[in-house]
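Visitor: Just need the structure, nothing else, for what follows:
(one chain, ligands or ions: 2)
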Amino acid sequence: MTVLRVALIGCGAIGTSVLELLKSDTALAVVAIVVPEEGVAAAQKAAPGAQVASRVPASGIDLVVETAGHAAIEEHVLPALARGTPCIVASVGALSAAGLAEKLEAAAVAGRTQVQLIAGAIGAIDALAAARIGGLDSVRYTGRKPPQAWKGTPAEQGRDLDALTQETVIFEGSAREAAKLYPKNANVAATVSLAGLGLDKTLVRLIADPAVAENVHTVEAEGAFGSFALTMRNKPLAANPKTSALTVYSAVRALRNRAAALAI
Ligand SMILES: NC(=O)C1=CN([C@@H]2O[C@H](COP(=O)(O)OP(=O)(O)OC[C@H]3O[C@@H](n4cnc5c(N)ncnc54)[C@H](O)[C@@H]3O)[C@@H](O)[C@H]2O)C=CC1
Ligand SMILES: O=C([O-])CC(=O)C(=O)O
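Guide: Residues are numbered from 1 along each chain as shown. Ligands and ions are numbered 1, 2, ... in the order given. Coordinates of the predicted model:
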């Protein structure tokens, strides 16, 4: 059996969980982990057999998976694509930056390869992207998380998140703006919009809600296909309350599908 040699970019809450799930995988081997200097020790501990590097190695890698954050797309994914290595991306919100989607496409064309944006913490991306072909009239996305998940974000400006006693809308606007302002919390807003009506026409609401313990994502779409409403109640990862566990499973699914003879 051919074993796909994987480079993992980022080794935080998602990356370490991905490593754990892939440990017993016979078709995929994480041979390199790309992290900044401060992440080297944690990466070495998480995968003692892998090479820990500051760049994706130029050879010996069949597939790259990014679970690091917006900056890693420009820094690591673009050069890997240009060299011809296929890349799987979790930080989809990075594509809200002007010109980055075009740069990714150009790099993939130059490398004769492909960049895959995973669904991550949200479902129904297949239905939405298919519905778009018939024509969509409206797509609304609401992201609701416990107050602690909004720590370290602009949601803290002018309010004490610990003191919230009722649900509070912290953002209302376009997916482009949401993804830019909340790079660790609104990747899903970007994914929904890229699959549907685009970054500027997708209506986004972000809510801090002391009554929820989960990350609750809602998508409502209408178009020529009919309509759907989806609600996900995602368990957050213990290592990062901003991030849903489903994101890990979505990344592992994407990796396993690359190695599988029958993909779903
Ligand atoms: N598509 C989706 O549904 C979701 C996407 N995400 C994306 O995944 C990212 C990672 O999430 P977590 O693992 O929870 O975050 P985390 O903060 O726990 O881990 C981030 C890791 O990436 C490393 N890192 C940071 N900047 C880097 C760079 N420029 N190059 C290489 N490594 C770098 C850090 O050292 C750390 O190991 C988020 O920032 C977000 O962009 C997160 C949740 C859902
Ligand atoms: O993991 C989640 O629930 C969603 C998330 O953080 C994002 O969209 O960036």
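
Visitor: Stretch 145-156: end-to-end distance?
Guide: Distance across stretch 145-156, first residue to last, is 14 Å (C-alpha to C-alpha, to the nearest Å).

Visitor: Okay, buried residues for it please.
Guide: For stretch 145-156, the neighbour count (16 or more other C-beta atoms under 10 Å) marks Lys145, Pro146, Pro147, Ala149, Trp150, Thr153, Ala155 as buried. C-beta coordinates here come from the backbone N, C-alpha and C atoms, glycine included.

Visitor: and if you look at stretch 18-26?
Guide: Applying 16+ other C-beta under 10 Å to stretch 18-26 flags Val18, Leu19, Leu22, Asp25 as buried.

Visitor: Restricting to C-alpha, output it in CSV.
Guide: These are the backbone C-alpha positions of stretch 18-26, laid out as CSV (Å, rounded to 0.1, in the frame of the first residue of the first chain):
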residue,chain,number,x,y,z
VAL,A,18,-5.4,15.3,14.1
LEU,A,19,-2.0,13.6,15.0
GLU,A,20,-3.7,11.5,17.7
LEU,A,21,-6.4,10.3,15.2
LEU,A,22,-3.8,9.5,12.5
LYS,A,23,-1.5,7.5,14.8
SER,A,24,-3.0,4.2,13.9
ASP,A,25,-3.5,5.1,10.2
THR,A,26,-1.7,2.8,7.8
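
Visitor: Could you identify the most distant pair in the buried residues of stretch 145-156?
Guide: Spatially, the most separated pair among those is Pro146 and Thr153, at 12.9 Å (C-beta to C-beta).

Visitor: Point out the residues in the chain that sit beside ligand 1.
Guide: 9-15, 34-36, 39, 67-72, 75-76, 90-92, 120-121, 183-184, 187-188, 191, 240, 243, 247 (C-beta under 6 Å from any ligand atom).

Visitor: Pop out the phi and psi values for the residue of the stretch 1-150 of the chain found nearest ligand 2.
Guide: Proximity of the stretch 1-150 of the chain to ligand 2 (C-beta to the nearest ligand atom) peaks at Ala121, 3.5 Å away. Per-residue torsions, Ala121: phi -80, psi 0 (degrees, to the nearest 10).

Visitor: Relative to Ala71, how far out is it?
Guide: For Ala121, the distance to Ala71 equals 20 Å [C-beta to C-beta, to the nearest Å].

Visitor: what does Ser24 give?
Guide: 32 Å.

Visitor: does stretch 194-207 come close to ligand 2?
Guide: No. Using C-beta under 6 Å from any ligand atom, stretch 194-207 stays clear of ligand 2, coming no nearer than 9.6 Å.

Visitor: Please work out the average pLDDT along that stretch.
Guide: For stretch 194-207, the mean per-residue pLDDT is 98.

Visitor: Pull out the buried residues from that stretch.
Guide: Leu194, Ala195, Gly196, Leu197, Leu199, Thr202, Leu203, Val204, Arg205, Leu206, Ile207.

Visitor: what do you get for stretch 35-54?
Guide: Applying 16+ other C-beta under 10 Å to stretch 35-54 flags Val35, Gly39, Ala43, Gln44, Ala46, Ala47, Ala50, Val52 as buried.

Visitor: end-to-end on it?
Guide: OK, stretch 35-54 end separation, C-alpha to C-alpha: 6 Å.

Visitor: Please determine how far the spatially most central residue of the chain is located from Arg112.
Guide: Nearest to the mean C-alpha position of the chain, counting by C-alpha atoms, centre = their mean, stands Ala90 at 2.7 Å. From Ala90 across to Arg112, the span is 23 Å (C-beta to C-beta).

Visitor: same check, this time on Val188
Guide: Taken as C-beta to C-beta, the span from Val188 to Arg112 is 30 Å.

Visitor: Pick out whichever of these two has more residues nearby.
Guide: Using other C-beta atoms under 10 Å as the criterion, Val188 and Arg112 rank with Val188 on top: 28 against 8.

Visitor: Kindly confirm my reading that that one is in a helix.
Guide: Yes. Counting by DSSP: H, G, I helix; E, B strand; the rest coil, Val188 is found in a helix.
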